[in-house]
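A.B. asks: All I have is the shape, not the residue letters:
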C-alpha cells in the first residue's frame, strides 16, 4: 500500500466509444433531457396551481415529477458535458456525492410507487373511506417517510463505500458515478459492500415490488365484481399507467443492480441510459397523456393564455 497512489479523481468513459456518432447523439440526448425537465416541471406547476388537483393522487404524482427532475439533474448535465469535454473526469468527493443523490432519488421513486399503488387501492376498494384514510396529514407523513427512507438507504451505501481505498484503475464505464461500477475499482476488499448491495438492495427491491403489486390483486378482485362497464374502465385506466411505470422501472433496476458486475458490457450502458435518462421522460408522458384531469388543466391554461393575449 505504501507504493500505491490514492485515486483522487475518476474518468467517466460514458459513450466515448461512440465518439464518431457524437454529433447525432448529442442533440438526441439534449432533447431528451429538455423534454424530461420541461415535462415534469409542467406537471408540477399544473398540480401546484390548480386547486382541483390538490388531491392525494396528484400530490404523489407531483412528488414523482419532482423526483424525476432531481435525478435527471444528477446525470443529465454530466452526460451532456462529456460529449465535448476532452477531460472526462470527476473528483472523488463529487463522484460519491453524485452516487448518493442518484441512489437517494431512485429509492425515493421506489417508495413513491408503493404509496401510489396503495392510494389507488384505497380509491378503488374503499372509496367511501378514501378522504379519511388518505387525509392531508397522512399524505404529508407518507412523503416525509419516503424521503427519510430514501436518504437513509443511500447513506448506508455511501458510508460503506467510504471505508474503501481506490488506488488502481480509475476508469468508470458509465456517464455517471454508479455504485456497482465504482466498487469494481477499489483495491480493498469490497465483499461487504457487494453483500450489502445484494442483500439490502435485493431485499428492499423485492419487498417494495411485492407491496407495489399486492394492492392490484385486491383492485382486480374488486373491479371484477363490478358489472358497470364504464366504472370498470375508469378503475383500470387509473391503474394501467402506474403499472406500466412500475414494470419499466423495476425491470431496468433489477437488471442494472441485482446481478454480478465482473465486467461492464455495452448492454449495461444501454440499461443505464434507460433508467437514468429515458425513464424520467416516460413517466410524465405515461401518467399525463392518459389522465383526463391533467389534460383539462392544460386546456384551461392554454385558454387562459389565449384570452390574455387577445385582451
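C.D. replies: That came in fine, so what should we check first? The model shown is predicted, which means the values in this text are computed figures rather than measured ones.

A.B. asks: Give me the helices and strands touching the host helix or strand of residue 119, please.
C.D. replies: Here residue 119 sits within helix 92-125, counting by DSSP states H and E. Other helices and strands packing on helix 92-125, by 3 or more Cβ pairs under 8 Å, 6 or more residues apart in numbering; DSSP states H and E, are strand 9-12, helix 56-84, helix 130-133, helix 136-162, helix 179-183, helix 191-224, helix 229-257. (Glycine included, C-beta is placed from N, CA and C.)

A.B. asks: Which positions in that helix come out as buried?
C.D. replies: By neighbour count with 16 or more other Cβ atoms under 10 Å, helix 92-125 contains the buried residues 95-96, 98-125.

A.B. asks: Am I right that residue 187 falls within a strand?
C.D. replies: No. According to DSSP: H, G, I helix; E, B strand; the rest coil, residue 187 belongs to no strand; its state is coil.

A.B. asks: ok, it - contacts?
C.D. replies: The neighbours of residue 187, taking Cβ atoms under 8 Å, 6 or more residues apart in numbering as the test, are 4, 165, 166, 167, 168.

A.B. asks: now swap in residue 246 and tell me
C.D. replies: Residue 246 makes contact with 113, 117, 209, 212, 213 under the criterion Cβ under 8 Å, 6+ apart.

A.B. asks: any idea of the pLDDT on the first one?
C.D. replies: So that's residue 113. Note on residue 113: pLDDT of 91.

A.B. asks: Give me the below-cutoff pLDDT ranges for this structure.
C.D. replies: 1-5, 15-22, 226-238, 255-271, 289-290, 308-311 (pLDDT under 70).

A.B. asks: tell me, what residue is most central in it?
C.D. replies: In the chain, the centroid-proximal residue (Cα atoms, centre = their mean) is residue 106; its distance is 4.3 Å.

A.B. asks: Can you tell me how far that residue is from residue 141?
C.D. replies: In this view, residue 106 and residue 141 are 22 Å apart by Cβ to Cβ, to the nearest Å.

A.B. asks: And for residue 93?
C.D. replies: Separation of residue 93 from residue 141 (Cβ to Cβ): 34 Å.

A.B. asks: And for the nearest residue to residue 200 once chain neighbours are set aside, the neighbour number?
C.D. replies: Distances taken as Cβ to Cβ, 6 or more residues apart in numbering place residue 156 nearest to residue 200, at 7.0 Å, with adjacent residues excluded. When counting by other Cβ atoms under 10 Å, one arrives at 13 neighbours for residue 156.

A.B. asks: which residues does the nearest residue to residue 112 once chain neighbours are set aside contact?
C.D. replies: Nearest residue to residue 112 in three dimensions, chain neighbours excluded: residue 64, at 5.2 Å (Cβ to Cβ, 6+ apart). Counting by Cβ under 8 Å, 6+ apart, residue 64 touches 109, 112, 116, 283, 287.
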